[in-house]
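> Whatever this is, show me its structure:
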Amino acid sequence: MKKFLKTCCVLTALLTSTAFFACAPNSEGGQTDFINPVFSPVFADPCIIRGDDGTFYAYATEDYGNYGGEDRIGYLPILKSENLVEWEYVGDVFSAETKPSWGSSQSGTWAPDIVKIGNVYNLYYSLSVWDDGNPGIGVCTADSPEGPWRDRGMILSSETSGVKNSIDSYTFLYEDSVYMIWGSFFGLYMIELDSTGLKIKEGAKPQLIGGNSNLSDFEAAYMIERDGYYYLFLSLGHCCLGIQSTYYVNVVRSRSPLGPWEDRDGDLLLNRGTLGELVIKGSEEVMGPGHNCAIRDDGGDWWIVYHGYETKYVLGNYGSSPRRSLFIDKLLWDEDGFPYVDGYKASYERIAVPHIQSK
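Numbers count the residues shown, from 1 in each chain. Modelled structure (predicted):
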């Protein structure tokens, strides 16, 4: 395999009757700016991949929202876009009848993560319920980002791996190997998968890369590479308390995607000597920004994509994780080379759109 990291990321979306028309046209009919959130009311924990034709595809956690103009549960809903700010709903990965059954009967499909290996798209998902004693991570495959998807079953669970709260995976390719990072508040771990990415490589064992089983403040790892450094984003705080959510995003970095990870002072995440450098936190307008991904536009700029709660809304009609809408903001870089969002908060005014070349 070629040495590369996937540019998977969560993308907010404009969509049918539930989307805000967030873009302003220029004189040539193109979009020049937009306003967050770019998709509402619900598209949580999303990730994204760019197809071979340049189209972007985004995927989100199973939740009750509005998909295709219908209020219902979306079983890992899928959107597509040509420009990262206007989105079209194209279906779900699963349905009520086809969602995986190897976990608890009450489990939901959470935190999707997608990577292309060879000619196959692997979409990883967590299967869990709140306070699950044995959650796990599974994978499904397709020949196209839109599917149809074939479930390939469980890769690991808390019982099989020995890792508490085995959810929130991030899978990447490096040199000739496939690796998965996962974990949620009980240590962050990495393991090597086989060449297909469908199962653990024979003999591979979980490797602790951050925190430990008794003291860990982060989850939802996501990685990008820039200028010889690999940046590992982590979400901290509570994700899902509506406008009372305390979620925020920090980042650590390494010269290798295999770590070790450190902050600007060289303190190691493995020793929990650091929790990283702040990227984005809550504000008066948007609380609980987190579970991010990031993607680079055709101009070379990186964009962080994440969910958050607009404080002007209450719980409303959207389930136990209400209105985790999708936001996108440009990443800036400080003098030490660490990424952050302007003002360390979600933009809530018009900002310039990502630069995407026409097909």
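
> so where do the strands sit in the stretch 101-250 of the chain?
Listed in chain order, the strands of the stretch 101-250 of the chain (DSSP state E, counting those that start in this stretch) span 108-117, 120-128, 136-142, 150-157, 170-174, 177-182, 188-193, 207-210, 218-226, 229-236, 248-254.

> Adding mean pLDDT, write those out as JSON lines.
As requested, the strands of the stretch 101-250 of the chain are exported to JSON lines (pLDDT from 0 to 100):
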{"stretch": "strand 108-117", "mean pLDDT": "97"}
{"stretch": "strand 120-128", "mean pLDDT": "98"}
{"stretch": "strand 136-142", "mean pLDDT": "98"}
{"stretch": "strand 150-157", "mean pLDDT": "97"}
{"stretch": "strand 170-174", "mean pLDDT": "98"}
{"stretch": "strand 177-182", "mean pLDDT": "98"}
{"stretch": "strand 188-193", "mean pLDDT": "98"}
{"stretch": "strand 207-210", "mean pLDDT": "95"}
{"stretch": "strand 218-226", "mean pLDDT": "97"}
{"stretch": "strand 229-236", "mean pLDDT": "98"}
{"stretch": "strand 248-254", "mean pLDDT": "98"}
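
> Now render those strands as TSV, adding mean neighbour count and distance to residue 62.
The C-beta positions use only the backbone N, C-alpha and C, and glycine is treated the same way. Formatted as TSV, the entries for those read as follows, by neighbours: other CB atoms under 10 Å; distance: least, CB to CB, whole Å:
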stretch	mean neighbour count	distance to residue 62
strand 108-117	24	4
strand 120-128	24	9
strand 136-142	23	13
strand 150-157	18	14
strand 170-174	22	18
strand 177-182	23	18
strand 188-193	22	23
strand 207-210	20	27
strand 218-226	23	16
strand 229-236	23	18
strand 248-254	24	22
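
> And the ones you listed: which comes nearest residue 269?
Evaluated with CB to CB, the strands of the stretch 101-250 of the chain place strand 207-210 nearest to residue 269, the distance being 4.1 Å.

> could I get that closest one in CSV with only the CA atoms?
Taking Å, rounded to 0.1, in the frame of the first residue of the first chain, the C-alpha atoms of strand 207-210 are listed here in CSV:
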residue,chain,number,x,y,z
GLN,A,207,-1.0,-0.9,22.6
LEU,A,208,-1.8,1.9,25.1
ILE,A,209,-1.0,5.3,23.5
GLY,A,210,-2.7,7.7,25.9
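
> Now do stretch 47-58: distance to the chain's middle.
Its chain's C-alpha centre lies 14 Å from the corresponding centre of stretch 47-58 when counted by CA atoms, centre = their mean, to the nearest Å.

> Now do it, average pLDDT.
Looking at stretch 47-58 alone, the average pLDDT works out to 93.

> So what would you say the end-to-end distance of that stretch is?
By CA to CA, to the nearest Å, the extent of stretch 47-58 from end to end equals 6 Å.

> Just the buried residues of that stretch, please?
For stretch 47-58, burial by neighbour count (16 or more other CB atoms under 10 Å) applies to 47-50, 55-58.

> all helices of this structure, in order?
Ranges of helices within the chain are 158-161, based on DSSP state H.

> Low-confidence stretches in it?
Applying pLDDT under 70 to the chain flags the ranges 1-29, 314-321.

> can you list the strands of the stretch 101-250 of the chain in TSV and add distance to residue 345?
Converted to TSV, the strands of the stretch 101-250 of the chain look like this (distance: least, CB to CB, whole Å):
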stretch	distance to residue 345
strand 108-117	23
strand 120-128	28
strand 136-142	31
strand 150-157	36
strand 170-174	24
strand 177-182	27
strand 188-193	25
strand 207-210	25
strand 218-226	19
strand 229-236	15
strand 248-254	10
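
> what's near enough to touch residue 268?
260-262, 274 (CB atoms under 8 Å, 6 or more residues apart in numbering).

> partner residues bridging the residue lying closest to residue 88 once chain neighbours are set aside?
With CB to CB, 6 or more residues apart in numbering as the measure, residue 80 is the residue that lies nearest to residue 88, at 5.5 Å, once sequence neighbours are left out. Per DSSP bridges, residues listed as beta-bridge partners of residue 80: residue 57, residue 88.

> hmm, which two among the buried residues of stretch 47-58 are most spread apart?
Looking at the buried residues of stretch 47-58 by CB to CB, the two members farthest from one another are 47 and 55, with 15.1 Å of separation.

> Next one: the residue lying closest to residue 50 once chain neighbours are set aside relative to residue 225, how far apart?
If you skip the residues right next to it in sequence, residue 50 has residue 56 as its closest partner in space, 5.4 Å away by CB to CB, 6+ apart. Note on residue 56: its distance to residue 225, by CB to CB, to the nearest Å, is 19 Å.

> next one: residue 208
Taking CB to CB as the measure, residue 208 falls 22 Å from residue 225.

> same question, residue 123
Using CB to CB, one gets 22 Å for the distance from residue 123 to residue 225.

> again with residue 50
Applying CB to CB, the value for residue 50 to residue 225 is 16 Å.

> same deal with residue 160?
From residue 160 to residue 225 the distance is 30 Å (CB to CB).

> just residue 105 next, same as before
Remark: distance between residue 105 and residue 225 (CB to CB) = 40 Å.
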